[in-house]
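**Student:** Could you work out the structure for the sequence below:
(one chain, ligands or ions: 2)
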Amino acid sequence: MFQELTSRFENIFRKLKGHGKLTPENIAESMREVRRVLLEADVNFKVAKDFIVAVEKKAVGAEVLKSITPGQQVIKIIHDELVLLLGGSDTPLREANLPPTVIMVVGLQGSGKTTFCGKLAGYLKSRRRRPMLVAADLQRPAAVEQLRVVSQAAGADFFSIPTSTPLEVCRRAIGEARQRSMDTVVLDTAGRLHVNEELMQELEEIKQTTKPHEILFVADAMTGQDAVNTAQAFVQRLDFSGVVLTKMDGDARGGAALSIKAVTGKPIKFIGAGEKVEALEKFHPERMASRILGMGDIVTLVEKASQAVDLQKAAEFEKKLRRADFTLEDFYEQLQSVKKMGPLGQLIKMIPGLGGRIPQDIEMDDGAFVGVEAIILSMTPEERRRPNIINGSRRLRIAKGSGTSVQEVNRLLKQYEMMRKMLKQVGRQGRRSALPFMNF
Ligand SMILES: Nc1nc2c(ncn2[C@@H]2O[C@H](COP(=O)(O)OP(=O)(O)OP(=O)(O)O)[C@@H](O)[C@H]2O)c(=O)[nH]1
Ligand SMILES: [Mg+2]
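**Tutor:** Ligands and ions are numbered 1, 2, ... in the order given. Predicted structure coming up:
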């Protein structure tokens, strides 16, 4: 999915990371490249322009220029803007207070409506819902049969009245669903080759009569800006509530995915990536952004870290690390930052190649923090800065002051010493990052 887009972004990021310092000129150049990449991916012109303006505004801020890996910060800003562009947060399917929930599926001919109805039925079934698919496409002779087959594949109920009108079928379907105790009615409507008045009128009537809780507009992602233009026409007439992008398994360039929310104001709710019933994914803006940027969990890590750590402090810390004068005060500060970031185990998993670097006897469970904090807080500032002055009597005093034992103080000092050595080693290897714990 979007391989081309991803590899182009990776190139830009590689360059960004290469700069020791970023100037407004560097940033402007990167932004020109990002703009080109977006336009080549067939992103709507105005959407691309607004995106660049938003990123540039944030990137030129003073914080970024001061931080020590500014490239990484710009990457994060691009990532965050991309998440917004894709819709920000997840938007789940709406549900009726009083079943059945009515979901109307609309879109042009061949966009993948019927296939999606089947996938949706499968998805709902896996969530213990009871869906009924309704053949409201009487436009194409084979359409009813196609939906019947699709329903069977998904193990869902099916409803049709062959010699009727779409409006009548939909109206009757809702009563029928109640009778069969189905909790979700999915209306598979007819498409047309182009947006036309006849289609819109038919859909408007169905909307008025069935009052759907969700109207999902199905767009063929391979058609790029055409899909976006169609979406615009549909949202004006029908005010649909969500978008389904299909054929994401093809060579879609990303234009539709990246523009449709900004242009229609409606969130993408699902993506289809294949013809089979299982080929449906719930849409997550955050995950999609990471996928497009090709950065996986690193993005999550950068994000978590920058929430927790003042970047300036991190920069100072890294300088220290390179000089290898990592003190107990730093150790304490690091513990505080790490604590803010959530469970340690989870965090460590996200750091590539880290596993083997942590010596066995460095306690890494969160509970261990409490005693460690008390011990460090019981030291004098001088002791924290120069731990080698902590002799036997000082150890006893610290243990008493922190309500721990001399053994625990010893263990902490040993752990600290190990970490100091380890950091020194890593520092020498020249691994650089704005985030100290990425180097542990
Ligand atoms: N590769 C791929 N093909 C898909 C996907 N979704 C649908 N298709 C194919 O696209 C074609 C059209 O799909 P339909 O579901 O019949 O489209 P429709 O919108 O119902 O079309 P009409 O009923 O004619 O308006 C079929 O050949 C599907 O197999 C998808 O996510 N990936
Ligand atoms: Mg169909």
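
**Student:** for the stretch 51-200 of the chain, which spans come out with low pLDDT?
**Tutor:** 61-70 (pLDDT under 70).

**Student:** Glu81 against Asp50, yeah?
**Tutor:** No - with contact taken as CB atoms under 8 Å, Glu81 and Asp50 are classed as non-touching, separated by 9.4 Å. Heads up, the C-betas are built off the backbone N, CA and C, glycines and all.

**Student:** more neighbours, those two?
**Tutor:** Ranked by neighbour count (other CB atoms under 10 Å), Glu81 and Asp50 place Glu81 first, with 22 against 14.

**Student:** Let's verify the residue of the stretch 51-200 of the chain found nearest ligand 1: helix, strand, or coil?
**Tutor:** When distances are taken as CB to the nearest ligand atom, the stretch 51-200 of the chain approaches ligand 1 most closely through Gly191, which lies 2.7 Å from it. When the structure is split into helix, strand and coil by DSSP: H, G, I helix; E, B strand; the rest coil, Gly191 lands in coil.

**Student:** residues in contact with it?
**Tutor:** Taking CB atoms under 8 Å, 6 or more residues apart in numbering as the contact definition, Gly191 lies against 107-111, 113, 137, 139, 199.

**Student:** please redo it, this time with the cut-off set to 7 Å
**Tutor:** Shown here is Gly191, whose contacts under the criterion CB atoms under 7 Å, 6 or more residues apart in numbering are 107-111, 113.

**Student:** Please report how far the closest residue to it other than its chain neighbours lies from Asp42.
**Tutor:** Nearest in space to Gly191, with sequence neighbours left out and distances taken as CB to CB, 6 or more residues apart in numbering, is Gln109 at 3.6 Å. Using CB to CB, to the nearest Å, Gln109 is found at 21 Å from Asp42.

**Student:** So the two - more neighbours on which side?
**Tutor:** The neighbour comparison of Gln109 against Asp42 (other CB under 10 Å) goes to Asp42, with 21 against 14.

**Student:** Would you confirm that that one contacts Ala257?
**Tutor:** No - checked against CB atoms under 7 Å, the pair Asp42 and Ala257 is beyond contact range at 10.1 Å.

**Student:** any idea whether the residue in the chain that ligand 2 sits nearest to is helix, strand or coil?
**Tutor:** Taking CB to the ion as the measure, the chain has Thr114 as its residue closest to ligand 2, at 3.2 Å. The assignment at Thr114 comes out as helix when based on three-state DSSP.

**Student:** That one: what's it in contact with?
**Tutor:** Residues in contact with Thr114, defined by CB under 7 Å, 6+ apart, are 143, 146-147, 150, 188.

**Student:** could you redo the last one with a cut-off of 8 Å?
**Tutor:** 137, 143, 146-147, 150, 188.

**Student:** So which of the residues you listed are in strands?
**Tutor:** Residues from the contacts of Thr114 lying in strands, with DSSP state E as the criterion: Asp188.

**Student:** okay, the contacts of Thr114 in CSV with neighbour count next?
**Tutor:** Converted to CSV, these look like this (neighbours: other CB atoms under 10 Å):
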residue, neighbour count
Asp137, 24
Ala143, 20
Gln146, 17
Leu147, 26
Val150, 23
Asp188, 32
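
**Student:** And the furthest pair within the contacts of Thr114?
**Tutor:** Checked with CB to CB, those reach their widest spread between Asp137 and Val150, with 11.7 Å between them.

**Student:** hang on, isn't Glu281 packed against Gly274?
**Tutor:** No - contact status for Glu281 versus Gly274: not in contact, 10.1 Å apart, counting by CB under 8 Å.

**Student:** what touches both of those two?
**Tutor:** Overlap between the neighbourhoods of Glu281 and Gly274 is empty, taking contacts as CB under 8 Å, 6+ apart.

**Student:** In a helix, Asp90, correct?
**Tutor:** No - secondary structure assignment places Asp90 outside any helix; it is coil (three-state DSSP).

**Student:** I figured it was touching Met288, is that so?
**Tutor:** No - Asp90 is beyond contact range of Met288, at 10.5 Å (criterion: CB under 8 Å).

**Student:** Could you tell me how far the residue of the chain most remote from its centre is located from Glu25?
**Tutor:** For the chain, the residue at maximal distance from the C-alpha centroid (CA atoms, centre = their mean) is Ser393, at 53.2 Å. In this structure, Ser393 and Glu25 are 59 Å apart, going by CB to CB.

**Student:** which residues touch the closest residue to His284 other than its chain neighbours?
**Tutor:** Leaving out its chain neighbours, the residue that sits closest to His284 by CB to CB, 6+ apart is Asp90, at 5.5 Å. When the contact criterion is CB under 8 Å, 6+ apart, the partners of Asp90 are 282-286.

**Student:** Can you tell me which residues in the stretch 251-400 of the chain are near ligand 1?
**Tutor:** 272-275, 279 (CB under 6 Å from any ligand atom).

**Student:** which among those residues end up buried?
**Tutor:** Buried residues within these, counting neighbours by 16 or more other CB atoms under 10 Å: 272-273, 279.

**Student:** Name the helix or strand for the residue most central in space within the chain, please.
**Tutor:** When CA atoms, centre = their mean is applied to the chain, the residue found nearest the centroid is Glu286 (1.3 Å). Here Glu286 is covered by helix 285-293, with elements defined by DSSP states H and E.
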